[in-house]
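turn this into a structure:
(2 chains)
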Amino acid sequence: MHRLLSLVSFAALSSAAATTYPLTLQDDLGHTVTLRQEPRRIVSVLPSTTETLCAIGACDRLVGVDTFSDFPAQVTRLPKVGGLYTPDIEAMVALKPDLVVVSKYGKLQESLTAAGIPVVAVNPETYDEVFTKTLVLGRIVNREAQAKALVVQMRRDIARVEILTRNAAHQPSTYYEVDPTPYTAGPNSFIGVLLAKAGALNIIPASLGDFPKISPELVVQRNPQLILGPTLAAAKARPGWSSITAVKTGRVIAVPPGSTLDTLLNRPGPRLPLALARLAKLVHPELFR
Amino acid sequence: MNEVERQAGGAGRTESPEARSGRRVGRTVLLLVLVGLAVLLAVSLGSVNVSPAATLQALWHGLLGQSLSGDEVIVWQLRFPRVALGLLVGASLALCGGAYQGVFRNPLADPYLMGVASGAGLGATLAVVAGWNTALIPLAAMVGGLLSVSLSLTLARVGRRLPPVRLILSGVVVGSIFTAVSTYLLLLTEDRVRQVFSFTLGNLAFGGWAQVRAVLPYALLGGGLLLMLARALNLLQLGDLTARSLGLPVERLRLLVIVAASLLTAAAVSYAGIIGFVGLVTPHLVRRLWGPDHRVLLPVSALAGGGLLVLSDLLARTLTRPTELPVGVVTTLLGGPFFLYLLRSSRDE
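Take a look at the predicted model:
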């Protein structure tokens, strides 16, 4: 297994070449974007993009980030340029970037393009996109070899966890709560895929979509053995929930909003293997002693 | 007589008073049957299929306080209290809407007129954004709602008088300010937008017996008070001056109605979120079919509002089951077209 992975990584590294500029690509907003030269002053307005750029050795090229970018530590010292719905476009322009990497959402693209600043939308959302978008970012900033190496490293770390969870004797049926509305995560969502790889059986069927608002009746009926999201006290206080196995056995694990675990599970970036490892340890404490 | 009364009175032009009252009784019986049916349907249908026999058995076991098994838990601890909360909240909102429309003599008045919803929304947003325990959200909403109403009342007061136009204006503006603050807070923490949004669209998903017990005292107290004021509200329709000359303490009545309705609405909103339209439209529907007498209008509105919300919530949780729609969207989609149909089919101008 290891030898195979090394072979793959060797092949991946050797096929990576320096990016040639001008570089033309289609971004996640469907725009055809042309970068005339290698970007050296980059503003990132998506925390996962910030992490990926740093993980492929382009951290020193960041000149500004959004208010939610908080990892790695060195980006917290960079100028903040607002959030998704409250972007500070003047601050972005004032940083004289030669590239702003935006998400699919918000309306930054038009005003920045009008100001003559190259904009590219890179927006990983699903599990698979984490890897493809890492490679796209690598191409954009001329760090293709590093991006490929990162992807190989991530896949290797994921395989290390999966090898244990896949062969677990028992996979607990699990309910993951995104917020107490209650919104939950379907099996095809980013969190849903991580749950499956962590060795949990999601009680939510894929047909309901990625982030369905479900009826609490469904959770009581499916009777999960593990609940992730609310605190045990909150779950107990809900009508009828004290009859759920997870609540009876105390297997309710809080994922407080803003906690490290919450951030990891909601950030489709290079710390995906870490998110998976943390999750797997919660789902299968017996496998990770 | 105001516009609404004239329209309602118009229906009786060709009938004797006895025939009219007979029709009103008939309609009330029909409404009772409909609400009863809605409750039955709402208890037996849901995201999980439970047979009618099992539903009855669950209700029986629940009423006797016996231990429940499997699907019985769903019927007795999730579905039935949710229906009861829907009835209670719908009735509260419709009752307050009817009282407000009477006390302000304004057909656009709804329970949120004095800013109670925006205040409750701000309270709930604060609680969510600050990451407080979810059990504290209703409390924060209640405090916020009552705070914004007190603010509107204080600002509208001229000496000892509470002029309706000033009340409405200060209510609307205080509401706007509170909403602006909530929106700003929300943008600071984008990841919790959905949770707050679900509050502003109404959510009965976690309505249990505890919530029913929490809302019930306010509903009984506030609702009872409003029902007792029905006769005074009838007099008030003659105008402030006439009502005053007949010995009605107009200012005190207005204050009393606002305080009672605010308590009632704040309690309902705290546990069910800001459910729109029920409070605005139900009294209009009832006024068209039962006439403008508040002694009839208020209790029938309460019954109809409860039924409308139970039915809306039933649709909200079954149309796309096992996922749920926001109940506020359903109330509007259900009540809106029905109201427009009544409006179009009426022969009056």
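
enumerate every residue touching the closest residue to chain A within chain B.
Closest residue of chain B to chain A, C-beta to the nearest C-beta: B:G208 (2.6 Å). Glycine gets a C-beta too; all of them are placed from N, C-alpha and C. Shown here is B:G208, whose contacts under the criterion C-beta atoms under 8 Å, 6 or more residues apart in numbering or on different chains are A:R238, A:P239, A:G240, B:Q77, B:L78, B:P81, B:R82.

which of the residues you listed are buried?
Buried subset of the contacts of B:G208 (neighbour count, 16 or more other C-beta atoms under 10 Å in any protein chain shown): A:R238, A:P239, A:G240, B:Q77, B:L78, B:P81, B:R82.

can you pull the contacts of the second one?
It stands for A:P239. Taking C-beta under 8 Å, 6+ apart, we find A:P239 in contact with A:P216, B:Q77, B:L78, B:P81, B:R82, B:F206, B:G207, B:G208, B:W209, B:A210, B:Q211.

show me the shaky parts of the stretch 201-349 of chain B.
B:347-349 (pLDDT under 70).

interface residues of it facing chain A?
Proximity of the stretch 201-349 of chain B to chain A (C-beta under 8 Å from any C-beta of the partner chain) is limited to residues B:203, B:205-211, B:317, B:321-326.

just checking, B:V257 touches B:A99?
Yes - shown here, B:V257 and B:A99 form a contact pair, counting by C-beta atoms under 8 Å, at 5.3 Å.

in terms of neighbours, single out the busier of these two.
B:A99 (32 against 22; other C-beta atoms under 10 Å in any protein chain shown).

just the element for that one, please.
Using DSSP states H and E, B:A99 sits in helix B:80-103.

same thing with B:V172?
Secondary structure assignment for B:V172, by DSSP H and E: helix B:164-188.

and B:R23, by the same measure?
Going by DSSP H and E, B:R23 is in helix B:17-44.

now look at the following helix or strand past the helix holding B:A99 and say if it contacts chain A.
Next helix or strand after helix B:80-103 toward the C-terminus (DSSP H and E): helix B:116-129. No - Helix B:116-129 is not in contact with chain A by C-beta under 8 Å from any C-beta; minimum separation 8.9 Å.

and stretch A:118-136, what's its mean pLDDT?
The pLDDT scores in stretch A:118-136 average 95.

in it, what's buried?
Residues A:118-127, A:129-131, A:133-136 are the ones in stretch A:118-136 that count as buried (16+ other C-beta under 10 Å).

what distance separates it from the centre of its chain?
Distance, stretch centre to chain centre, for stretch A:118-136: 10 Å (C-alpha atoms, centre = their mean, to the nearest Å).

pick out the residue of the stretch 151-289 of chain A closest to chain B.
Closest contact between the stretch 151-289 of chain A and chain B, by C-beta to the nearest C-beta, is at A:P239 (2.6 Å).

which SSE is that residue in?
Of the helices and strands defined by DSSP H and E, none includes A:P239.

same thing with B:V269?
Per DSSP H and E: helix B:250-272 holds B:V269.

what's the helix or strand that that helix is followed by packed up against?
Per DSSP H and E, the first helix or strand lying C-terminal to helix B:250-272 is helix B:278-290. Where contact means 3 or more C-beta pairs under 8 Å, 6 or more residues apart in numbering or on different chains; DSSP states H and E, helix B:278-290 is packed against helix B:3-10, helix B:17-44, helix B:80-103, helix B:294-318, helix B:327-345.

next, the contact list for the residue lying closest to B:L225 once chain neighbours are set aside, please.
Spatially, and ignoring its direct neighbours in sequence, B:L225 is nearest to B:A260 (4.1 Å; C-beta to C-beta, 6 or more residues apart in numbering or on different chains). Residues in contact with B:A260 (C-beta under 8 Å, 6+ apart) are B:A99, B:L221, B:G222, B:L225, B:L226, B:L229.

in JSON lines: those, plus secondary structure and distance to B:L187.
Listed next are the contacts of B:A260 as JSON lines, based on DSSP: H, G, I helix; E, B strand; the rest coil; distance: C-beta to C-beta, whole Å:
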{"residue": "B:A99", "secondary structure": "helix", "distance to B:L187": "35"}
{"residue": "B:L221", "secondary structure": "helix", "distance to B:L187": "38"}
{"residue": "B:G222", "secondary structure": "helix", "distance to B:L187": "34"}
{"residue": "B:L225", "secondary structure": "helix", "distance to B:L187": "39"}
{"residue": "B:L226", "secondary structure": "helix", "distance to B:L187": "37"}
{"residue": "B:L229", "secondary structure": "coil", "distance to B:L187": "41"}
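
out of those residues, which are buried?
Neighbour-count burial (16+ other C-beta under 10 Å) applied to these gives B:A99, B:G222, B:L225, B:L226, B:L229.

just the residues you listed now: which is nearest B:A141?
B:G222 (16.1 Å; C-beta to C-beta).

can you redo the buried ones among the contacts of B:A260 as CSV with distance to B:L308?
Listed next are the buried ones among the contacts of B:A260 as CSV, based on distance: C-beta to C-beta, whole Å:
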residue, distance to B:L308
B:A99, 17
B:G222, 19
B:L225, 23
B:L226, 18
B:L229, 23
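
pick out the most distant pair among the residues you listed.
Using C-beta to C-beta, the two most remote members of those are B:G222 and B:L229, lying 10.9 Å apart.

tell me where the stretch 101-250 of chain A has helices.
Counting by DSSP state H, counting those that start in this stretch, the stretch 101-250 of chain A has these helices, from start to end: A:108-114, A:127-140, A:144-166, A:190-197, A:216-222, A:232-237, A:245-248.

understood, closing this out.
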